[in-house]
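> I would like to see how this sequence folds:
(2 chains)
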Amino acid sequence: MESTKFSLLTKEEVDRKWWEIGDFFRRNSLWMLMYCTGCCAIELPPAMTSAYDMERLGMGPMATPRQADVLLVTGYLSLKTLRRLIYTYEQMSEPKYVVGIGSCTINGGIYHDSHAVINQLDQYIPVDVYVAGCMPNTEAVMNGFVDLMRLIKSKKANGWKKYHKNNEWYKKNQIDSLGEVRVKDEFHD
Amino acid sequence: MIISILMGISVAFFGFVLQTSIAGVNRKIIGRVQKRYGPKWYQEFLDIFKLLSKRSVTHGWIFDFGVIMALGGIIATAMFMPITNDLMAFPGFDNFFIFVYLIAVGMLGMAMSASGSGNPLASIGVMRALTTMLAYEIPFMIIVLTIIKLTGHSSLSEIAMFQQTAVAGLEFSGTWFMIALPVGFAVAFLSLMGMLGKKPFETYIAPAEIASGPMVEYGGKQLGMLFIMHEITVFIEVSLFVHLFLGGAENIWIFLIKYFLVYTSVNLISNVNGRFKIDQVVVFFYKWPLLFAVMQAFVAIYLGWVI
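Numbering: from 1, shown residues only, chains lettered A, B, ... in the order given. Alright, predicted model coming up:
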């Protein structure tokens, strides 16, 4: 007779438990890749150094996209930098998150009518957290990181899953703006 | 035999846990030095387990195999490390040269794997790491050979015992080599900073210059394994230093205190320094440390002037 108290977990439940354990580690050790394109990048040095001390949250800057978990897009994106941003995002290892800082990533900000600048970042890559403002306070930036941790805890930071699911839509938007996403790789082609 | 192997693996595991905790505590200390709050003391564990929980890409089988070879080689090296006078897995097999030869397996595994990624920055990093190794090994080896000549042993536990007990009729016994050979100690300390890749000699990591050097293409599980390998490597190098210069350890608490002091002082000195260029590293090590090492060896062996 089977016990009612101790039933074996199904595979989905076991996977979910492991994923929750992984989420605990992932939200307490977020490594950033800073894609500092615009003026909001000036808010990052006070957030990293002794004034606000990002390292107490377990965050830190990393050198390459392969090592990083969070992609920070700080400011406007011209069409040339957007191409590099998409390469960078696709090189990061999953699970990966994107934080858009400043109005420029939300609706174009003060560059909204420029011919060379894209207006909405989440048409091209999925964004998990926005920090609004032109430019946002350092408190607001730190609050954005804490929000990202909360979203990871409540399993809502799944932009990288959306990128897999709606890949055709994202690729179509990217190609509409850039013409062609892939360029010749002089090292490997 | 089985017991010895199990014990060796637990020594490697002990080294990993010890060094990872002490590295976390050191991040906190450095934070306080810079007037910050600093991360949690177990932050390094969180980092490593997070890396192991991520998905990762591969760049070919050399890339994956080299990581496993690096981790395995380093664990195999750490298995021979004596912790205290009687706590060691393979008594009689703790010769200094075993560590010198075996640690190369791990280093070469990492170099092979990094070159296998095909990234030019990784190759530059590996080349710089080998050049730095060439620079610090020569002064360090001169000092260690002086110690071996003075004690007549090349086994780590014998050298530690020599420093702990004063035997009548045996010259220089009973004093730590930190005090007996002060100039040599300073040279070996500089070499230790080069070995650990600390700040003035951090040339082969250089995150802002060559994007963290050999680790440029690693992410996820491979990077997690390299972090574990790095922690065990630091454990081996600092323990070597404790046994050679600070007289080993009678019990585990003395070992922990000496280990913590050595690693923390290296870190504190490292954090007020800038970074050398690679040619400056080589010129630095071949100028003053090499000169002082030769002088110390000559004075100690031929003139017999030992404190």
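> for the chain, just list every one of the strands.
Using chain A here. When secondary structure is read from DSSP state E, chain A shows strands at A:31-35, A:60-61, A:70-74, A:97-101, A:129-131.
> hm, I was asking about chain B
Under the criterion DSSP E, chain B contains no strands.
> would you mind listing what in it touches chain A?
Chain B comes close to chain A at residues B:27, B:31, B:34-40, B:43, B:46-47, B:49-50, B:53-57, B:118, B:120, B:207-208, B:211-212, B:215-220, B:223, as judged by CB under 8 Å from any CB of the partner chain. The C-beta positions use only the backbone N, C-alpha and C, and glycine is treated the same way.
> residues in contact with the residue nearest to A:Gly102 when sequence neighbours are not counted?
In space, not counting the residues next to it along the chain, A:Gly102 is nearest to A:Cys40; the distance is 4.0 Å by CB to CB, 6 or more residues apart in numbering or on different chains. A:Cys40 makes contact with A:Thr74, A:Gly75, A:Ile101, A:Gly102, A:Cys104, A:Met135, A:Pro136 under the criterion CB atoms under 8 Å, 6 or more residues apart in numbering or on different chains.
> which one of those is nearest to B:Gln163?
Top of the list for closeness to B:Gln163, among the contacts of A:Cys40 and by CB to CB, is A:Thr74 at 55.2 Å.
> tell me the pLDDT of the closest one.
As summarised for this prediction, A:Thr74 has a pLDDT of 88.
> what's the neighbour count on A:Glu180?
8 (other CB atoms under 10 Å in any protein chain shown).
> so B:Gly15 makes contact with B:Leu240?
No - contact between B:Gly15 and B:Leu240 fails when scored by CB atoms under 8 Å: they sit 11.7 Å apart.
> mutual contacts of these two, please.
Joint contacts of B:Gly15 and B:Leu240 (CB under 8 Å, 6+ apart) are B:Met81.
> show me which of those two is the more surrounded one.
A side-by-side neighbour count of B:Gly15 and B:Leu240, using other CB under 10 Å, places B:Gly15 first with 26 against 21.
> quick one, what contacts that one?
In this structure, B:Gly15 makes contact with B:Ala78, B:Met81, B:Glu231, B:Ile232, B:Phe235, B:Ile236, B:Ser239, judged by CB under 8 Å, 6+ apart.
> just to revisit the earlier point, what's the closest of the strands of chain A to B:Ser265?
Comparing the strands of chain A by their distance to B:Ser265 (CB to CB), the top pick is strand A:60-61, with 23.5 Å.
> each with direction, which strands does that closest one pair with?
Sheet pairing of strand A:60-61 (DSSP bridges) gives strand A:31-35 (parallel).
> and the closest residue to chain B within chain A, what is it in contact with?
Using CB to the nearest CB, A:Arg66 is the residue of chain A that sits closest to chain B, at 3.3 Å. Residues touching A:Arg66, when contacts are defined by CB under 8 Å, 6+ apart, comprise A:Gln91, A:Met92, A:Ser93, B:Val57, B:Val216, B:Glu217, B:Tyr218, B:Gly219, B:Gly220, B:Leu223.
> try it again at 10 Å.
Contact partners of A:Arg66, counting by CB atoms under 10 Å, 6 or more residues apart in numbering or on different chains, are A:33, A:91-93, B:56-57, B:59, B:117, B:119, B:211-212, B:215-220, B:222-223.
> how close does it sit to B:Gln222?
Look at A:Arg66 and B:Gln222: by CB to CB, to the nearest Å, they are 9 Å apart.
> what is in contact with those two at once?
In terms of CB under 10 Å, 6+ apart, A:Arg66 and B:Gln222 are both contacted by the residues A:Ser93, B:Ser56, B:Val57, B:His59, B:Ser117, B:Met215.
> so how far is A:Tyr111 from A:His178?
I think there's a mix-up here, since residue A:178 is Leu and not His. A:Leu178 sits at a distance of 17 Å from A:Tyr111 (criterion: CB to CB).
> ok, now B:Ile142?
On the measure of CB to CB, B:Ile142 and A:Tyr111 end up 62 Å apart.
> these two: who's more crowded?
For B:Ile142 and A:Tyr111, the more surrounded residue by other CB under 10 Å is B:Ile142, and the numbers stand at 21 against 17.
> quick check: mean pLDDT of stretch B:231-248?
Taken as a whole, stretch B:231-248 has a mean pLDDT of 90.
> for chain A, what's its nearest residue on chain B.
Closest point on chain B to chain A, by CB to the nearest CB, is B:Gly219, at 3.3 Å.
> who touches that residue in this structure?
B:Gly219 neighbours (CB under 10 Å, 6+ apart): A:31, A:62, A:64-69, A:91-94, A:96, B:51, B:54-57.
> please repeat the previous calculation with a cut-off of 6 Å.
For B:Gly219, the contact set (CB atoms under 6 Å, 6 or more residues apart in numbering or on different chains) comprises A:Arg66, A:Gln67, A:Ser93, B:Ser56.
> which residue is the nearest non-sequential neighbour of it?
Leaving aside its chain neighbours, B:Gly219 sits nearest to A:Arg66 (3.3 Å; criterion: CB to CB, 6+ apart).
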